[in-house]
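Chemist: here's a sequence, model it:
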Amino acid sequence: MIKLEKNVWLYIGLVFLFTYAFQIITITNSGKDFALHPLFIGLTMFFPGIGSIIYLVKTKQGLKYINWNIGKIKFIVLSLILPILFTLLGILIFEYTGLASNNVFLIDNGKVHSIEIFLILGTNEQGIPFFLLNFFVTGIMSSLIMSLLAIGEEIGWRGFLQKKLLERNSLFASLTFLGLLWGFWHFPLVINGFNYPEYPVLGAFLILPLTTVFISYFFGWLTINSKSVWPAVFAHGALNSVMIFLFEMDFGNQKLEGNFSNLGLWIIIGMISFYLIVSKKTSKNEV
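Modeler: As a prediction, this is how the structure comes out:
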């Protein structure tokens, strides 16, 4: 049983209420085309943060409750680098196993060509080392830009609610519950086919909530160890700008397998992240 102050439960309820209302407006006004998606979803991404700020002001706990400091720089770096690395590894694994084909670049004889995505250092034929540099530089810049939207969610989810959960619940219960909340926060859009158009019910009730649970472990590792909200902000920006390539690979008639493969990738990342949090806490207790 999750333990939280009554006002925090109210915070969760109001964030869901306003978000669901905006998502339903998006669906009813644009249908399956989701024409209003960028505008309305861009707005809803700020609801968790706005709600947490109102809560902290109203309860006089103050905005210092959220760890605004930069924290440990290495976790800022990791929050930007690791998602890009996960993306490249995922693309290579999916292609090597024959599960999916990559439509954004091709590699032949040590050269990368047919690049169909924007890269800061150019999209002409290039050697693998230069391409990797190009991909990482572009990924970092796009992650920073997308972080401008992600900050709204992460102030609320990791900056505020994660701390509230950890005050009264175990690490596992806190991060798992937060991950489930985060997944079901997207429910109206997902059940109507936005993320998983071929399998909306399975996506809404299983695939996305499980995925966000394991992402929650990864973001939890970043924020708990850095004692800062910013690594989660940047990692979320990277998730929305770079790791989206994994979901957009051509899985052909293996779309369901592809969705579960992406989930499997996050299960591995999440389990390692959770282990790293626990092992560090254990080592500190021993000392």
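
Chemist: alpha carbons only for contacts and neighbour counts from here, please
Modeler: Noted.

Chemist: any low-confidence regions in this protein?
Modeler: Residue ranges of the chain with pLDDT under 70: 30-38, 281-287.

Chemist: let me see the ranges of the helices in it.
Modeler: 6-30, 37-44, 47-58, 73-96, 128-154, 162-168, 171-184, 187-191, 200-202, 208-226, 230-241, 244-247, 255-286 (DSSP state H).

Chemist: got a markdown table for those, with distance to residue 65 and mean neighbour count too?
Modeler: Converted to a markdown table, the helices of the chain look like this (distance: least, CA to CA, whole Å; neighbours: other CA atoms under 10 Å):
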| stretch | distance to residue 65 | mean neighbour count |
| --- | --- | --- |
| helix 6-30 | 14 | 16 |
| helix 37-44 | 22 | 15 |
| helix 47-58 | 8 | 18 |
| helix 73-96 | 20 | 18 |
| helix 128-154 | 14 | 20 |
| helix 162-168 | 9 | 18 |
| helix 171-184 | 17 | 20 |
| helix 187-191 | 29 | 21 |
| helix 200-202 | 37 | 17 |
| helix 208-226 | 14 | 24 |
| helix 230-241 | 14 | 27 |
| helix 244-247 | 32 | 17 |
| helix 255-286 | 21 | 15 |
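
Chemist: relative to residue 108, which of those is closest?
Modeler: Comparison of the helices of the chain against residue 108 by CA to CA identifies helix 128-154 as nearest, at 9.8 Å.

Chemist: the inter-axis angle of the closest one versus helix 47-58?
Modeler: Put simply, helix 128-154 runs at 50 degrees to helix 47-58, going by axes from the mean of the first three to the mean of the last three CA atoms, to 10 degrees.

Chemist: now helix 128-154 against helix 37-44, angle please.
Modeler: Interaxial angle of helix 128-154 relative to helix 37-44 (the same axes, to 10 degrees): 60 degrees.

Chemist: which secondary structure elements does helix 128-154 contact?
Modeler: helix 47-58, helix 73-96, strand 111-113, helix 230-241 (3 or more CA pairs under 8 Å, 6 or more residues apart in numbering; DSSP states H and E).

Chemist: for the shortest one, list every residue counted as buried.
Modeler: Read it as strand 111-113. Neighbour counts over strand 111-113 (16 or more other CA atoms under 10 Å) mark 112-113 as buried.

Chemist: starting at the chain centroid, how far to that strand?
Modeler: Put simply, strand 111-113 sits 29 Å off its chain's centre (CA atoms, centre = their mean, to the nearest Å).

Chemist: residues making contact with that strand?
Modeler: Identification of contacts with strand 111-113 by CA atoms under 8 Å, 6 or more residues apart in numbering yields 105-107, 123-128, 131.

Chemist: could those residues go into JSON lines alongside distance to residue 252?
Modeler: Listed next are the contacts of strand 111-113 as JSON lines, based on distance: CA to CA, whole Å:
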{"residue": "105", "distance to residue 252": "17"}
{"residue": "106", "distance to residue 252": "18"}
{"residue": "107", "distance to residue 252": "20"}
{"residue": "123", "distance to residue 252": "26"}
{"residue": "124", "distance to residue 252": "27"}
{"residue": "125", "distance to residue 252": "27"}
{"residue": "126", "distance to residue 252": "28"}
{"residue": "127", "distance to residue 252": "29"}
{"residue": "128", "distance to residue 252": "27"}
{"residue": "131", "distance to residue 252": "26"}
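
Chemist: nothing else from me, thank you.
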